[in-house]
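Undergrad: Next input, structure requested:
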Amino acid sequence: MTTTALVSKEDARKALYKVPEAMNLLSLSRTVIYELIRSGRLRTVKEGRSRLVPATAITDYVTLLEREAGAAA
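TA: Next up is the predicted model:
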């Protein structure tokens, strides 16, 4: 899956996503997103008091999942 497959055309220009947006893009709960962040599987950045997920981090996470699925097969 590529970033363009995960992100609508309108959002394709965004470089950073708020956690609720990342939740929607990845179809994961808030709890799971924060667990992925704590475990280092999903990278984030801080801007002021906001935690943001870079678009590249979402792509990297999906690539990681694909790699793990391929290794398990």
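Undergrad: C-alpha from now on. contacts and neighbour counts both.
TA: Will do.
Undergrad: Could you give the number of residues near M23?
TA: 17 (other CA atoms under 10 Å).
Undergrad: I'd assumed it was in a helix, is it?
TA: Yes: counting by DSSP: H, G, I helix; E, B strand; the rest coil, M23 is found in a helix.
Undergrad: and the helix or strand hosting T31, C-alpha only, in PDB?
TA: Taking DSSP states H and E as the definition, T31 sits inside helix 30-39. Written as PDB, here are the backbone C-alpha positions of helix 30-39 (Å, rounded to 0.1, in the frame of the first residue of the first chain):
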ATOM      1  CA  ARG A  30      -6.400   5.900  19.900                       C
ATOM      2  CA  THR A  31      -5.100   3.300  22.300                       C
ATOM      3  CA  VAL A  32      -3.400   1.300  19.600                       C
ATOM      4  CA  ILE A  33      -1.900   4.400  18.000                       C
ATOM      5  CA  TYR A  34      -0.300   5.500  21.300                       C
ATOM      6  CA  GLU A  35       1.000   2.000  22.000                       C
ATOM      7  CA  LEU A  36       2.700   2.100  18.500                       C
ATOM      8  CA  ILE A  37       4.200   5.400  19.400                       C
ATOM      9  CA  ARG A  38       5.400   4.200  22.800                       C
ATOM     10  CA  SER A  39       6.900   1.100  21.200                       C
END
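Undergrad: Run the chain-centre distance for that helix.
TA: 10 Å (CA atoms, centre = their mean, to the nearest Å).
Undergrad: Flag every buried residue along that helix.
TA: Across helix 30-39, burial judged by 16 or more other CA atoms under 10 Å covers I33.
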